[in-house]
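1. Pasted the sequence and its predicted model underneath.
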Amino acid sequence: MISYYNDGLKKVVGDEKISFDILQSLIKANPNTELIEQLHSEAYKSERYVAMKKQLPCVKPHGIFDIIPTKNKKGEVINTAVLKQLSGYLYFDIDKNKIECEVELYKEFILQEYADKICMLGKSVGGRGVFFLVKATGITKENFNEVHQYFREIVFKKLPIDTEALGIARNFIIPMDEKLYIDKSIEVDVSDCKINNENNKKGIKQYKKKEEERGCIVRDTLTSFITIDILLKKLRFKTAVDVGDADYIIKPVEFVQMFVPKVITDGKKHKTFRSMINHLMFLNPDITLFEVHSYINFINQNFTNDSPMGRTEMMRTVAAEFERITETGEKFVKTRIKKVHTNSKLSGKDRNIIANQQNGKLRKDNSFEIIEASIEVLIAMEMEVTPIEIFKTAKGNISLPTIKRHYKTVLEQIEMKKQAEIKTATKAKIVNKQNNTLYAIQGNSKRVSDRDLHDMTDEELGIVPWDVLRTKETIFKSQIDLHKEYGANRTAAIKLLEKNTERSVSFRFIF
DNA sequence: AATCTTCTCGCAACCGAATC
DNA sequence: GATTCGGTTGCGAGAAGATT
């Protein structure tokens, strides 16, 4: 039983008592709903707010008290509460200023950590703070203060419990909370709760100090993680590749993506969390420990199949890895070269289709290149262009069936290119009015507009008359020799040639 | 991490025509 | 008539990206 005062703090008098079952009902279905709702609309701690709050009925949760009028030093008569009988419950509250998340969420957080100790948990009368009760066996008038302190500082060390009103006779304004949490079976033996344990105190101090050194305070980290929607907006989870308005772009990018398994099973949490921290820090170089804690906390709560790692353990794991990375700079992330990047505005299915098609095309283009290079060598060496010859020239860079599949298409492409070159050369010939001369085009023929064509010299166009070219015959021959020596790799052969002669010498002949 | 989707490649078997 | 070679086809492997 506990003392009950119908007139509230305004007038704490009388000897009315209620049971905890009644208290529970009063909170769940508060008869003063209207007044309390009105209170919520007032500015917190404003004059009107305080006045209204004082009118609401309250209890002394720690027991039954006699209200005895006594004289103070000045000789004024004041009411003193004298303990008659302990209720066996310990009352704690947390001020709304210490809670940054939604209050129901915070209640959940408290239960996740302390459901084995708390028998009642609800919102406070202001609607934003919380209170909770611990049913304590072994509590006495003598050990009350020490036990209460023990719970505040050691058992509930993660919670920013209000220390404004600590006395045994403290009042508790009956709040309104239809979602009040009750578990009558929870009882805690407090006989051994002694504050004289120096190691404990020291441990807490050290932990706090360490946290402060890292730039965040224990209390804040533990009570008000950044909510996930804010984190999702702020943090990067994969390498950013700007595709602009295009559906996709092709660009080799060293790509990193953080992976969040749908379910992180037991035994994999440490490993997974550590990997995630590495990715987060790699992708967000300025990320703070607080942000990492907040994010991993969210994952721990939502992706562990309802069996999250203990909060302390989680915080420790995160902090340790964060420190290691900060100190060593080593971030263990798996990067890969991603070539096709699709526009995130497209649907997942479309993006997948595009990526597959483009990757297929890249692969095919590569085969085409190998085949084309081999064919060019064969032509230069005046050999027959057959799949088997191409295969031999390609020296294992491509399989025979693939060559058979594509070589005709490649031949067509080569033919088309040649036609284009002839066109350019013909144009150039007309421009130069040297119709009876044999020309060669050095390197790849240039694509120029008709207008530019008039103004460009032969040299600029890469047009070389045969007479001039003949003097370079030795170079041409040596190129073929190199092809014979090095096979299909035309680029390599030409490069070697460049090394020897210090000039670029790829020629095509136009007849 | 595992799975799905889409695509190309490589392999092997096969067919038919050309060649020896 | 046997062998060689070009061309086709089915099937599984593997690559890359997206999804869950």
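-> Happy to help now that I have it. Residues are numbered from 1 along each chain as shown, chains lettered A, B, ... in the order given.

2. For stretch A:48-66, the averaged confidence score.
-> Per-region confidence: stretch A:48-66 scores 91 on mean pLDDT.

3. distance between the ends of that stretch?
-> By Cα to Cα, to the nearest Å, the extent of stretch A:48-66 from end to end equals 30 Å.

4. Leaving out sequence neighbours, find the closest residue to residue A:30.
-> residue A:176 (3.8 Å; Cβ to Cβ, 6 or more residues apart in numbering). All C-beta spots, glycine's among them, are computed from the backbone N, C-alpha and C.

5. Contacts only, for the one you found.
-> Counting by Cβ atoms under 8 Å, 6 or more residues apart in numbering, residue A:176 touches A:27, A:30, A:32-33, A:36, A:123, A:125, A:127.

6. Return the members of these classed as buried.
-> A:27, A:30, A:32, A:36, A:123, A:125, A:127 (16 or more other Cβ atoms under 10 Å).

7. Which helix or strand contains residue A:325?
-> Taking DSSP states H and E as the criterion, residue A:325 maps to helix A:311-328.

8. Listing partners with orientation, what would you give for the helix or strand that that helix is followed by?
-> Under the assignment DSSP H and E, the closest C-terminal helix or strand after helix A:311-328 is strand A:336-342. As defined by DSSP bridges, the strand partners of strand A:336-342 come to strand A:248-255 (antiparallel).

9. what's the partner strand in contact with?
-> Identification of contacts with strand A:248-255 by Cβ under 8 Å, 6+ apart yields A:238-239, A:241, A:243, A:335-343, A:354-355, A:358, A:362.

10. Buried residues in that strand, which are they?
-> Under the neighbour-count criterion of 16+ other Cβ under 10 Å, strand A:248-255 has A:248-249, A:253 buried.

11. Look up the pLDDT of the residue in the stretch 251-400 of chain A positioned nearest to DNA strand B for me, please.
-> Nearest to DNA strand B, among the residues of the stretch 251-400 of chain A, is residue A:360, at 2.7 Å (Cβ to the nearest atom of the strand). Reported pLDDT at residue A:360 in the predicted model: 76.

12. Tell me if it really is in a helix.
-> Yes: when DSSP: H, G, I helix; E, B strand; the rest coil is applied, residue A:360 is found to be in a helix.

13. Would you tell me which one of the buried ones among the contacts of residue A:176 comes nearest to residue A:50?
-> When the buried ones among the contacts of residue A:176 are ranked by distance to residue A:50 (Cβ to Cβ), residue A:125 comes first, at 11.8 Å.

14. helix or strand for that closest one, which one?
-> Counting by DSSP H and E, residue A:125 is found in no helix or strand.

15. Hmm, it is touching residue A:173, no?
-> Yes: applying Cβ atoms under 8 Å as the test, residue A:125 and residue A:173 come out as touching, 4.5 Å apart.

16. tell me, what's touching these two both at once?
-> Counting by Cβ under 8 Å, 6+ apart, the residues touching both residue A:125 and residue A:173 are A:53, A:56.

17. what residues are up against residue A:170?
-> Contacts of residue A:170 by Cβ under 8 Å, 6+ apart are A:60-62, A:91.

18. Need the nearest residue in space to residue A:378, chain neighbours excluded.
-> residue A:385 (5.1 Å).

19. now residue A:315
-> Nearest one to residue A:315, counting by Cβ to Cβ, 6+ apart, is residue A:293 at 6.2 Å.

20. So that neighbour is in contact with residue A:312, correct?
-> No: the criterion here is Cβ under 8 Å, and residue A:293 misses it with residue A:312 at 11.8 Å.

21. State whether residue A:131 is indeed within a helix.
-> No: Residue A:131: not assigned to a helix; according to three-state DSSP it is strand.

22. Relative to residue A:40, how far out is the residue nearest the centre of chain A?
-> Geometric centre of chain A, nearest residue: residue A:237, 4.9 Å, by Cα atoms, centre = their mean. Noted for residue A:237: a distance of 38 Å to residue A:40, by Cβ to Cβ, to the nearest Å.

23. try residue A:285
-> Distance, residue A:285 to residue A:40, by Cβ to Cβ: 43 Å.

24. same deal with residue A:87?
-> 28 Å.

25. The two: who's more crowded?
-> More crowded of residue A:87 and residue A:40, by other Cβ atoms under 10 Å: residue A:87, with 23 against 13.

26. Residue A:412 is in what secondary structure piece?
-> Residue A:412 belongs to helix A:400-432, assigned by DSSP H and E.

27. Could you confirm residue A:82 falls within a strand?
-> Yes: under the criterion used here (three-state DSSP), residue A:82 sits inside a strand.

28. one step back: where does the residue nearest to residue A:315 fall, helix, sheet strand or coil?
-> From three-state DSSP, the assignment for residue A:293 is helix.

29. do residue A:259 as well
-> coil.

30. OK, contacts around the residue of the stretch 401-511 of chain A found nearest DNA strand B?
-> Sorted by distance to DNA strand B under Cβ to the nearest atom of the strand, the residues of the stretch 401-511 of chain A start with residue A:402, at 3.0 Å. The neighbours of residue A:402, taking Cβ under 8 Å, 6+ apart as the test, are residue A:367.

31. Quick one: name the residues of chain A near DNA strand C.
-> Applying Cβ under 7 Å from any atom of the strand, we find that chain A lies next to DNA strand C at A:255, A:259, A:262, A:336, A:338-342, A:347-349, A:351-352, A:355-356, A:359, A:386-389, A:401, A:404-405, A:407-408.

32. Filter those down to just the buried residues.
-> Counted by 16+ other Cβ under 10 Å, the residues of chain A next to DNA strand C give A:338, A:340-342, A:351, A:355, A:387, A:389, A:407 as buried.

33. how about those residues, which pair is most distant?
-> Largest pairwise distance in these, by Cβ to Cβ, is 41.4 Å, between A:351 and A:389.

34. measure stretch A:95-110 end to end?
-> Length of stretch A:95-110, first residue to last, Cα to Cα: 14 Å.

35. Show me what that stretch is in contact with.
-> Under the criterion Cβ under 8 Å, 6+ apart, residues A:44, A:94, A:118, A:121-124, A:126-130, A:132, A:159-160, A:162, A:164, A:179, A:181, A:219, A:223-225, A:227 lie in contact with stretch A:95-110.

36. cool, and stretch A:318-329?
-> Where contact means Cβ under 8 Å, 6+ apart, the residues beyond stretch A:318-329 that reach it are A:211, A:214, A:273-274, A:277-278, A:281, A:289, A:292-293, A:296, A:330-331.
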